[in-house]
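Q: no FASTA, just this:
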């Protein structure tokens with residue numbers, strides 16, 4: 001019980017320590033740093049969503065039925081991971097400017113939960129559904145599990161983008 005009572009104080013100290021770093025101060029005080037980070041973050045997330053949408057629509061059997069899932073994933077997932085890495089770095093750099101304000105924002109909390117759920121969905125797909133891909137990849141049809149993974153992924157990532165836009169509208173980066 002004592003751990004949970006100390007958690008808010010520990011979180012506050014951690015937040016203050018991060019917010020006081022030189023890079024956080026630079027981003028906060030430089031009139032160009034935050035807008036540049038935000039622009040790159042939005043473009044990277046757009047690329048993540050765009051590429052994931054291609055894979056998800058193929059998994060759902062809606063588009064790209066002439067392409068094998070394995071070839072599509074092999075071609076596009078490195079691009080997705082690269083764009084995700086850029087969005088993660090830029091997101092963290094924006095976060096450190098006001099971690100306490102971000103953590104208190106409902107839209108940011110929702111975005112983090114949706115990101116976690118998207119990661120869990122991806123892990124489930126790769127650990128279970130994709131193991132049998134050699135059986136269903138050749139004929140162009142996808143099993144129900146792959147279709148569910150695709151629609152779930154697409155919905156979660158759209159939710160991440162939607163929640164992220166609310167973070168931008170509800171949190172003033174210059175206050």
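A: Thanks, I have the structure now. Just so you know, these numbers come straight off a predicted model, no measurement behind them. Residues are numbered from 1 along each chain as shown.

Q: from now on I want contacts and neighbour counts done on CA atoms only, so please keep to that.
A: Will do.

Q: flag the shaky bits of this structure, pLDDT-wise.
A: 1-8, 64, 135, 139-140, 171-175 (pLDDT under 70).

Q: now the strands for it?
A: For the chain, applying DSSP state E gives no strands.

Q: roughly how far does residue 137 sit from residue 33?
A: Going from residue 137 to residue 33 by CA to CA, to the nearest Å gives 45 Å.

Q: also residue 69?
A: 39 Å.

Q: helices of this protein, residue ranges please.
A: 2-19, 22-29, 33-59, 69-95, 99-104, 106-127, 133-136, 144-170 (DSSP state H).

Q: I'd like those as CSV, with mean neighbour count appended.
A: Output for the helices of the chain, formatted as CSV (neighbours: other CA atoms under 10 Å):
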stretch, mean neighbour count
helix 2-19, 13
helix 22-29, 16
helix 33-59, 19
helix 69-95, 17
helix 99-104, 16
helix 106-127, 17
helix 133-136, 14
helix 144-170, 18
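
Q: residues in contact with stretch 77-97: which ones?
A: Here stretch 77-97 makes contact (CA atoms under 8 Å, 6 or more residues apart in numbering) with 15, 18-19, 24-25, 27-28, 34, 37-38, 40-42, 44-45, 47-48, 51-52, 102.

Q: scratch that, stretch 147-156 is what I was asking about
A: 49, 52-53, 55-57, 59-61, 114-115, 117-118, 121-122, 125.

Q: spatially, what comes nearest to the most centrally placed residue in the chain if we skip its sequence neighbours?
A: The residue lying closest to the centre of the chain (CA atoms, centre = their mean) is residue 115, at 4.8 Å. Spatial nearest neighbour of residue 115, chain neighbours left out: residue 160 (6.5 Å); criterion: CA to CA, 6 or more residues apart in numbering.

Q: my guess is the one you found contacts residue 111, does it?
A: Yes. With contact defined as CA atoms under 8 Å, residue 160 reaches residue 111; the gap is 5.1 Å.

Q: who touches both of these two?
A: Counting by CA under 8 Å, 6+ apart, nothing touches both residue 160 and residue 111.

Q: correct me if wrong: residue 142 contacts residue 60.
A: Yes. Counting by CA under 8 Å, residue 142 does reach residue 60; the two are 7.1 Å apart.

Q: phi, psi of residue 66?
A: Phi and psi for residue 66, reported as degrees, to the nearest 10, are phi -80, psi -10.

Q: state the distance from it to residue 138.
A: Counting by CA to CA, the gap from residue 66 to residue 138 is 10 Å.
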